[in-house]
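Novice: generate a structure from the sequence data that follows.
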Amino acid sequence: MELKGLKTKFLGRNVLFFSSIDSTQKKVKSIKQPENGTLVMADNQIAAIGTHERKWYTGNGKNIAMSFVLFPDCKIQKMEKITTQIADCLVKVLREITNFKFEVKEPNDIFFQGKKVAGILTETVCKGENIRKVYIGIGLNVNQDEFPGNLSDIATSLKKVCGKEFTREEIIVAFLNEFEKCYENLIR
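Specialist: Below you'll find the model as predicted:
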């Protein structure tokens, strides 16, 4: 997967892509010495995790499944709202791309008319009062037509909302470009 149009300094500059993986979050956490902003993406996750260890459905090659690591090395207080900031950036990008209004269900879910379209998983590693690492996982339903079981009652996708397909790479690039600016302001 090529990220054309990426304007970031560090976020998404080192990318690991997998056609299938257990979990992008588990993978990014297992990298011994990742670069700041290292991004792990997958077409399919077979053991994707969400908040509180809940399962996350990925759909093969239709959705965004990605995780990245940041090294803020700042006081915990500066990062208290990181998940909400990520959600706000994602909503802004989705509005720009689709012209539809998405809502944040704080702290980590994105909804459209009562159905979940995205989820965010944020995990921090602290030493004393400082945050050393932040692992961020994002699952976004992009081109999913159908959801298994009762998920169709509670989940939707950009395709179902807008009636057309979207290019995952364009959404990822737009988000990374937007979020890096927000993140840099957050840790100043």
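Novice: partner strands of the helix or strand where Phe111 lies and their direction?
Specialist: Taking DSSP states H and E as the criterion, Phe111 maps to strand 109-112. Here strand 109-112 has these sheet partners by DSSP bridges: strand 103-105 (antiparallel), strand 115-127 (antiparallel).
Novice: what does that strand contact?
Specialist: Residues outside strand 109-112 that contact it (Cβ atoms under 8 Å, 6 or more residues apart in numbering): 87, 90-91, 94, 100-105, 116-120, 140, 156, 161. Where you see a C-beta, it was placed from the backbone N, CA and C, and this is true even at glycine.
Novice: mind redoing it with 10 Å?
Specialist: Contacts of strand 109-112 with the rest of the structure, by Cβ atoms under 10 Å, 6 or more residues apart in numbering, involve 50-51, 83, 86-88, 90-91, 94, 98, 100-105, 116-120, 138-141, 154-158, 160-162.
Novice: Validate this expectation: Ile131 resides in a strand.
Specialist: Yes: checked against DSSP: H, G, I helix; E, B strand; the rest coil, Ile131 lies within a strand.
Novice: tell me what it is bridged to.
Specialist: Cys74, Cys126.
Novice: can you pull the contacts of it?
Specialist: 70-80, 82, 124-125, 187.
Novice: my read is that Glu2 contacts Gly12, right?
Specialist: No: applying Cβ atoms under 10 Å, one finds Glu2 not in contact with Gly12, separated by 11.3 Å.
Novice: which of these two has more neighbours?
Specialist: Neighbours per residue (other Cβ atoms under 10 Å) separate Glu2 from Gly12, with Gly12 holding more: 21 against 9.
Novice: helix or strand for the more buried one, just tell me which one.
Specialist: Per DSSP H and E: nothing holds Gly12, as it lies in no helix or strand.
Novice: that one contacts Met41, doesn't it?
Specialist: Yes: using Cβ under 10 Å, Gly12 is in contact with Met41, at 9.2 Å.
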